[in-house]
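1. Need the 3D shape of this:
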Amino acid sequence: MYKDNSLIPSEAVRLAALGLLAKRPHAYADLARDIRHFTARLVGPSLDLLGPSLELLKVEGLIEAVDPATPHDRQIVRITPEGRAELHRLLTANLRGPMGEVNKLIVALKLYFLDQLEPDQRRQQLEMLMEVCDRELVRLNDLHSHHKESGSALIPWLEHEISEVQARRDWFLKLREAV
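-> As a prediction, the model looks like this:
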């Protein structure tokens, strides 16, 4: 985790593993495949996302085998109480702006596992996501104001970006109101 309590890229993989296991136990190999599938579809192959191995999560006591006597390649793993605490820590971590590839992955994971939080914590996370949008809007609007007289193709592109961020913020607001 960074000093500002935001996730480092490899923690996104950790969040994915713990979140999937919080929903239900998985076969070890299926868990690894599901994590790779989810992350690759959002950000493509990324060296930044070579996170800790699932074995490390076992060593840390965050996940455990349902039946340790089962051969490793067919083992079913589940989240432990310590793993649930770590999942909560990861789910409530800050986001760094602006909305780059890794942040999009972290937002998707937060939304995917939002049901693992209490309603007030869900609302707090959605408010934090709206604040990230607000900061991005300030930054983009400032750039737009600074270059609006340039007549370049930058202006319509910035207007498009601003409308996308505003739509994302509005969507988070509606979701927060529904919680």
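
2. average model confidence for the helix or strand hosting Arg123?
-> Assigned by DSSP states H and E, Arg123 belongs to helix 119-147. Helix 119-147 carries an average pLDDT of 95.

3. confidence score at the most centrally placed residue in the chain?
-> Centrality entry for the chain: nearest residue to the mean C-alpha point is Ile106, 1.6 Å, by C-alpha atoms, centre = their mean. For Ile106, the pLDDT comes out at 92.

4. quick one: it and Leu7 touch, right?
-> Yes. Assessed by C-beta atoms under 8 Å, Ile106 is found in contact with Leu7 at 5.7 Å. (Each C-beta comes from the backbone N, C-alpha and C, glycine too.)

5. Touching both of these two, which residues are there?
-> In terms of C-beta atoms under 8 Å, 6 or more residues apart in numbering, Ile106 and Leu7 are both contacted by the residues 15, 95.

6. Walk me through the domains of this protein.
-> 1-97, 118-179 (automatic domain parsing).

7. Let me know which of those is the nearest to Tyr112.
-> Checking those against Tyr112 by C-beta to C-beta gives domain 1-97 as the closest, at 6.4 Å.

8. Could you give the number of residues near Asn94?
-> Applying other C-beta atoms under 10 Å, we find 15 residues neighbouring Asn94.

9. picking that back up, and the domains of the chain, which is most packed in?
-> domain 1-97 (a mean of 16; mean count of other C-beta atoms under 10 Å).

10. That one - what's its average pLDDT?
-> Domain 1-97 comes out at a mean pLDDT of 86.

11. the strands in the chain, which residues?
-> 26-27, 63-65, 76-79 (DSSP state E).

12. how about TSV for those strands, with distance to Leu129 added?
-> Below are these laid out as TSV (distance: least, C-beta to C-beta, whole Å):
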stretch	distance to Leu129
strand 26-27	27
strand 63-65	27
strand 76-79	24
